[in-house]
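Undergrad: predicted coordinates and the sequence they were generated for:
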Amino acid sequence: MRPDRPSDPAPRLWQHGEHRIAYVDEGEGPALLAIHGLPGSHRDFRWLAPALAGRARLVRIDQPCFGGSGDASPQWADVARLLARFAADVIGERHAVLGHSFGGPMATAVATCTAARERVGAIVWLASAGVRPHRAVRQVMPIIGAIDRLRPVPVLGRALLHGWRGVLRASGFPSSITADDVARTSALLSRFDFDRHRRAVSELVERGVPTSRHGRRTTPSSSPPAARSSPTSPRPAPDSPGRPAATTCRRPGPSSSPTRSCRSCTRTCADAGHRLPRPRERPRGTA
């Protein structure tokens with residue numbers, strides 16, 4: 001059910017020493033801590049709050065260095081410990097943690113913190129980064145690392161930040177994202193460790209913590225904020241309405257090469273069960 005309007009109240013502030021976290025706490029019921037992706041803010045979940053009204057207490061935060069929150073270390077373990085302390089003070093009770101995009105690994109890090117192990121009862125990954133980097137991530141991560149290394153360089157660093165900001169905006173992120181948001185994102189992502197994330201997920205499984213994963217894996221430049229992501233229909237089956245019917249590849253011989261890319265096999269299309277897209281028909285009246 002889609003709510004009639006989003007929930008967008010003014011955030012509160014939690015202070016712990018020199019650290020400050022902006023957050024919105026609304027609703028009643030089982031508590032859910034929502035962690036946005038990078039870059040982002042608590043407003044990424046402004047449509048989720050009214051959808052959960054009366055069923056859950058949603059506490060959505062600005063991650064450190066984003067939105068109204070103060071600066072913090074760019075190390076993932078340090079941020080996770082800070083968020084675990086925030087949850088202990090503000091939520092108090094046992095709760096679930098939801099992470100969107102690269103907020104998913106942060107949610108995992110929070111759930112495996114020593115201070116939060118007894119309080120986190122479940123974890124939800126929403127279009128989260130996986131435990132292994134797929135090809136797109138392997139291509140993007142070196143670029144992000146280079147941006148993080150070069151951003152202190154006068155002129156060049158600022159130009160790279162503005163260029164990557166343009167990439168994020170073209171991917172669906174809001175125009176309100178600043179070059180400083182991109183700098184903080186590159187600082188965090190360049191320090192992300194897939195091996196550590198994989199071990200943390202394994203720990204959750206071994207402990208029997210309920211987990212739920214929704215949506216496709218994300219890359220640092222392809223996952224706009226959750227509130228801006230429009231629902232998409234499942235990809236139709238090869239012969240279902242909405243996709244052209246497929247033809248069967250019947251090229252003889254085990255070593256023959258396909259004339260077009262085969263969806264089932266990248267080397268040979270000799271098997272009769274392998275399928276190719278039907279060639280696009282030319283409009284009538286054309287040569």
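TA: Received it, and whenever you're ready, just let me know what you need.
Undergrad: pretty sure residue 46 contacts residue 8?
TA: Yes. With contact defined as CB atoms under 8 Å, residue 46 reaches residue 8; the gap is 4.9 Å. All C-beta atoms are positioned from the backbone trio N, CA, C, and that covers glycine.
Undergrad: which one's more surrounded, the two?
TA: residue 46 (20 against 14; other CB atoms under 10 Å).
Undergrad: quick one: pLDDT of that one?
TA: The model reports residue 46 with a pLDDT of 94.
Undergrad: now residue 104: how far from residue 142?
TA: 21 Å (CB to CB, to the nearest Å).
Undergrad: what do you get for residue 134?
TA: 15 Å.
Undergrad: can you show me the strands along the stretch 101-250 of the chain?
TA: Applying DSSP state E, counting those that start in this stretch to the stretch 101-250 of the chain gives strands spanning 120-126, 211-214, 246-248.
Undergrad: pick the most buried one from these.
TA: Ranked by mean neighbour count under mean count of other CB atoms under 10 Å, the strands of the stretch 101-250 of the chain are led by strand 120-126, which reaches a mean of 21.
Undergrad: packing partners of that one?
TA: strand 95-100, helix 103-111, strand 211-214 (3 or more CB pairs under 8 Å, 6 or more residues apart in numbering; DSSP states H and E).
Undergrad: mean pLDDT and distance to residue 118 for the ones you listed - can I get that in CSV?
TA: Formatted as CSV, these follow (pLDDT from 0 to 100; distance: least, CB to CB, whole Å):
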stretch, mean pLDDT, distance to residue 118
strand 95-100, 96, 11
helix 103-111, 96, 11
strand 211-214, 91, 17
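Undergrad: quick check: which of those is buried the most?
TA: Buried most deeply of the helices and strands packed on strand 120-126, by mean count of other CB under 10 Å, is helix 103-111, with a mean of 28.
Undergrad: list the contacts of the spatially closest residue to residue 93 that is not a sequence neighbour.
TA: Spatial nearest neighbour of residue 93, excluding adjacent residues (CB to CB, 6 or more residues apart in numbering): residue 31 at 5.8 Å. For residue 31, the contacting residues are 56, 57, 59, 91, 93, 94, 95, 96, by CB atoms under 8 Å, 6 or more residues apart in numbering.
Undergrad: how about residue 111?
TA: Counted by CB under 8 Å, 6+ apart, residue 111 has contacts 97, 117, 120, 123, 200, 204, 209.
Undergrad: any idea how far the fourth one is from residue 194?
TA: Spelled out, it's residue 123. On the measure of CB to CB, residue 123 and residue 194 end up 17 Å apart.
Undergrad: so which strand or helix has residue 23?
TA: strand 19-26 (DSSP states H and E).
Undergrad: can you give me the helices for this structure?
TA: 48-51, 76-90, 103-111, 135-150, 156-170, 179-189, 194-207 (DSSP state H).
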